[in-house]
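Visitor: quick one, structure for this:
(chains A and B)
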Number of protein chains: 2
Amino acid sequence: MSTDTLLDALHQRLGQRGLLRDPEDMTRYTVDWAGERLGQPLAVARPASTDEVAETLRLCRQHGVAVSPQGGHSGLVAGALPAADGGELVISLERMDRVRDIDPINFSMTVDAGCILDNVKQAAAEHDCDFPLSLGAQGSCQIGGNIATNAGGLNVLRYGMMRELVLGLEVVLADGRIWHGLKALHKDNRGYPLQQLLLGSEGTLGIVTGAVLKLSPRATQSRTALLGLPSVEAVIALYGLARRDCSDLLSAFELIPRRCLELAMEATPTLNDPLDDAYPWYVLMEVAASGPLDLGAMLEHLLEQGMERELVLDGALAASDTQGQQLWQFRESMLEGQRRYGEHLRTDVSVPISRIPDVVERASTAIMAASPDCEIIAYGHVGDGNLHVNVLPPRGMADADKHDHLHELEALLFEVVDEVGGSISAEHGIGRTKQAAYLARLSPLERELADGIKTLFDPEHGLNPGRILPQS
Amino acid sequence: MSTDTLLDALHQRLGQRGLLRDPEDMTRYTVDWAGERLGQPLAVARPASTDEVAETLRLCRQHGVAVSPQGGHSGLVAGALPAADGGELVISLERMDRVRDIDPINFSMTVDAGCILDNVKQAAAEHDCDFPLSLGAQGSCQIGGNIATNAGGLNVLRYGMMRELVLGLEVVLADGRIWHGLKALHKDNRGYPLQQLLLGSEGTLGIVTGAVLKLSPRATQSRTALLGLPSVEAVIALYGLARRDCSDLLSAFELIPRRCLELAMEATPTLNDPLDDAYPWYVLMEVAASGPLDLGAMLEHLLEQGMERELVLDGALAASDTQGQQLWQFRESMLEGQRRYGEHLRTDVSVPISRIPDVVERASTAIMAASPDCEIIAYGHVGDGNLHVNVLPPRGMADADKHDHLHELEALLFEVVDEVGGSISAEHGIGRTKQAAYLARLSPLERELADGIKTLFDPEHGLNPGRILPQS
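Guide: Sure, this is the predicted structure:
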């Protein structure tokens, strides 16, 4: 059989550690962050070098076997899980985890795609630099996955998405050819930007094996504040003030509803209500700097202004790093708090910042009208216009009914998002789970160009087929 | 004749003001910034709307006539000038100069592609925002050209290239179809990024007719300093200090050799030597903020540190905006100073920041060895690794010999740039004048993909043919 020949050839090329065929060994490659088992790999290839990735792709192509590249399993749209039919070879880059080079004078570092984000951040810190991408999953997600999904996270407001943090790429294409684009240049205007196409392509155009990342000076001080506000309108007005008053030193500005604080306290009982009273909305914000500036005075000036204008009702300004981390603990625990409710709707939309209040209100109204007993939890990264309008289903609802019900509520949210020119996927990507909603909004022209790009890079559609675009 | 039919149809569709056929009227569309006349248009179309651009492209395609899209004539690689054979229709967007919308809460504005950069900056300022792109040509260059060339300039260090300043695009494709990508979203991870392909494509993939631009809070204070330093090594070391000491508030950090100050004083006799002594190298730097921070103290702290470490030998810190503008006058006048010497080599390379001292030294050595009587003027944007290693030819050289001689010296520079993994075009693009050097460095794989992208967007190669890639 052709797949046996392939697996034998891969075994010979990649060695014992390089190919997993035992179903038990493969279990963890079939599970994503949400814990939903979705696929079954033909086998799991674990190449240890760019050349081994290239050889793996050449062999797969020869044998007509599709591949599913995989990073740290923290994706949220099932983009990295193998197909259910057992026909796809998983390629995990986890053995390629070397920091190749750090050049702090150039503010850059070169890494293997399999490096875990936390390790990259640690290596940068050792050279007095920051790699500023910050995600909940940073202890497990890999740089290659961050690149393939154009990852966002908490600091996009200041540092941009992954797209803005990558200077160069090394990529293996579908036919096993290697694109050597590992340049450590902050500026380069030669021809069409292949790198930009690969970023966010979710493993459908090539497999990233290495990257040159852009670093920042290491922040030597930061201040965190949690503020209580009367309305989403007040949050947006405060954001405008904060952008101006904090110059470009604002690194996070999170919108959090009261219910999220409660969820966080449910999940982490050691957390106490941070302010004396309860407020309908909160902002968790952080400023950071690497030089001798008085961030405390800067933040106090902002809060005074916010209070004068009745935007801010109360606030806690962390007096130490430890206190700051405690405030951030609310942001992390509220995710766990939601998860404890079992299946719920997780969304990730973006809208113009100016439309956030309107979108939250209209979406809430529409969803509550359709499902009066559900619970809406809308939080997000204000500076990116990125909202997570999540929904916990009615308490008594049978598990079997939840999926379809939540899907209907999602459609109501998307309608509101469409009306303000928003996106149904701000940072999570398309993968499989958002494909239908994505395709429904694609114009024929956009579809034609997307198909053309896919075919140009992967004429036989062997790379992560069925993700972003449907399997042809 | 077919072109007559086309011109008649265009005249009918675009009206009197929309089509220029008189050679005298067309003169200014054949000249670029350097004043070298390079082309001859068939005619000049001046559409007044996106639909008129679309109709123009449809008609041209029908008649098999290629087009040369044109912005503000400030390009440096002859990318926007029509072919010499009189066969290309120039499409100028100058009549599409409307600011369509400003949303200061979303930090965005929507503009026609023909808007002049200075007007865009002015409109943003009226809403207490900055559009931070800053170029010498900002009084004449158009946003569409800035997008087509992924413009850089003085503030890239802090705000990025044009690629990072664009949220959405409206583009007419070769066949006249309009891509409606005018989204005002700070985050959007849906599928392949068409917008990124258009940015920097130099009019070869589509004609940008509108854009949503990303704004920043308006800087309310800035401080400028001109510093004397002993060596390029000291400049690079000071840059590392400045990035850290000035947090993210550093908006410009220019490397300038002594000779450039002299050229500036030659061109603008009202300029006086800014420091008591002459130094081999200078840094012109600027910090800016929108909030209540003490920038003066911040900059003084940096200078103290720089002097302690003997990186900075002397410096002038502007005490007022007027004094700051006077210091920037050196940066502007030094360009005029070079131009007064007639034909000279202008280059625009990028290298890793850490390699700047090495590149300046090796390139200078190689060039001086080949042409002992020439004069090398190396300046640039340190934070971008972007060097302009320019060469004034030997004084006595006959005009007829200059071009080939300078071309040989350029090749010597490019060799050094290649050795450190640099780029032969940091910000100016490829156009026509850098095509040979670009193609010589393109791998077969890169060429294949570039050809594929061109053909996907413009199957008949009617859009700015012969720019970036050779005419097929």
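
Visitor: switch to C-alpha atoms for all contacts and neighbour counts from now on
Guide: OK.

Visitor: so which residues on the stretch 1-150 of chain A come close to chain B?
Guide: Within reach of chain B by C-alpha under 8 Å from any C-alpha of the partner chain, the stretch 1-150 of chain A has these residues: A:D103, A:I105, A:N106, A:T149, A:N150.

Visitor: which residues does the fourth one contact?
Guide: Listed by C-alpha atoms under 8 Å, 6 or more residues apart in numbering or on different chains, the contact set of A:T149 reads A:L199, A:G200, A:S201, A:E202, A:E427, A:H428, A:G429, B:N189.

Visitor: show me where the stretch 201-350 of chain A has strands.
Guide: All strands of the stretch 201-350 of chain A, identified by DSSP state E, counting those that start in this stretch, fall at A:207-214, A:216-217, A:221-229, A:250-257, A:281-289, A:314-317, A:349-350.

Visitor: can these go into CSV with extra columns for distance to chain B and mean neighbour count?
Guide: As requested, the strands of the stretch 201-350 of chain A are exported to CSV (distance: least, C-alpha to the nearest C-alpha, whole Å; neighbours: other C-alpha atoms under 10 Å in any protein chain shown):
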stretch, distance to chain B, mean neighbour count
strand A:207-214, 11, 27
strand A:216-217, 6, 25
strand A:221-229, 10, 23
strand A:250-257, 10, 24
strand A:281-289, 5, 24
strand A:314-317, 18, 19
strand A:349-350, 6, 28
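
Visitor: out of the ones you listed, flag the one nearest B:V420.
Guide: strand A:207-214 (14.7 Å; C-alpha to C-alpha).

Visitor: what would the strands of the stretch 201-350 of chain A look like in a markdown table with mean pLDDT?
Guide: Shown next, in a markdown table, are the strands of the stretch 201-350 of chain A (pLDDT from 0 to 100):
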| stretch | mean pLDDT |
| --- | --- |
| strand A:207-214 | 98 |
| strand A:216-217 | 97 |
| strand A:221-229 | 97 |
| strand A:250-257 | 97 |
| strand A:281-289 | 97 |
| strand A:314-317 | 95 |
| strand A:349-350 | 98 |
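
Visitor: of all the ones you listed, which one is nearest B:E408?
Guide: strand A:207-214 (32.1 Å).

Visitor: what is the nearest of the residues of the stretch 1-150 of chain A next to chain B to B:A316?
Guide: A:I105 (25.5 Å).

Visitor: just the pLDDT at the spatially most central residue of chain A, thanks.
Guide: Residue closest to the mean C-alpha point of chain A, counted by C-alpha atoms, centre = their mean, is A:A151 at 4.1 Å. pLDDT recorded at A:A151 is 97.

Visitor: from chain B, how far out is it?
Guide: 9 Å (C-alpha to the nearest C-alpha, to the nearest Å).

Visitor: wait, that residue sits on A:E427?
Guide: Yes. Shown here, A:A151 and A:E427 form a contact pair, counting by C-alpha atoms under 8 Å, at 6.3 Å.

Visitor: residue of the stretch 1-150 of chain A closest to chain B, please.
Guide: A:N106 (4.7 Å; C-alpha to the nearest C-alpha).

Visitor: all helices for the stretch 301-450 of chain A, in order.
Guide: With DSSP state H, counting those that start in this stretch as the criterion, the stretch 301-450 of chain A has helices at A:321-339, A:356-370, A:399-419, A:435-440, A:444-457.

Visitor: what's the least confident stretch among the ones you listed?
Guide: helix A:321-339 (a mean of 92).

Visitor: name the helices or strands packed onto it?
Guide: strand A:221-229, helix A:258-267 (3 or more C-alpha pairs under 8 Å, 6 or more residues apart in numbering or on different chains; DSSP states H and E).

Visitor: how far off strand A:221-229 does the last one point, in degrees?
Guide: Comparing the axes of helix A:258-267 and strand A:221-229 via axes from the mean of the first three to the mean of the last three C-alpha atoms, to 10 degrees yields an angle of 120 degrees.

Visitor: so what touches helix A:258-267?
Guide: A:271-273, A:278-282, A:330-338, A:340, A:377.

Visitor: go again using 7 Å as the cut-off
Guide: A:271-272, A:279-282, A:330, A:333-334, A:336-338, A:377 (C-alpha atoms under 7 Å, 6 or more residues apart in numbering or on different chains).

Visitor: try the first one
Guide: By C-alpha under 7 Å, 6+ apart, the surrounding residues in contact with strand A:221-229 are A:235, A:279-290, A:295-296, A:311-318, A:324, A:327.

Visitor: now A:D248: how far from A:V417?
Guide: Using C-alpha to C-alpha, to the nearest Å, A:D248 is found at 29 Å from A:V417.

Visitor: between the two, which has more neighbouring residues?
Guide: The neighbour comparison of A:D248 against A:V417 (other C-alpha atoms under 10 Å in any protein chain shown) goes to A:D248, with 26 against 23.

Visitor: which ones are touching that one?
Guide: B:D248, B:L249.

Visitor: let's see 10 Å
Guide: Counting by C-alpha atoms under 10 Å, 6 or more residues apart in numbering or on different chains, A:D248 touches A:157-159, A:242, A:287-289, B:158, B:216-217, B:219, B:247-249, B:288-291.

Visitor: secondary structure element holding A:D101?
Guide: Assigned by DSSP states H and E, A:D101 belongs to strand A:99-103.

Visitor: now do that strand: distance to the chain's middle.
Guide: Computed by C-alpha atoms, centre = their mean, to the nearest Å, the separation of strand A:99-103 from the middle of its chain amounts to 24 Å.

Visitor: again with stretch A:313-324
Guide: 27 Å.

Visitor: quick one on the thing from earlier: wouldn't the residue of the stretch 1-150 of chain A closest to chain B be in contact with B:V351 here?
Guide: Yes. Counting by C-alpha atoms under 10 Å, B:V351 is a contact partner of A:N106 at 9.3 Å.
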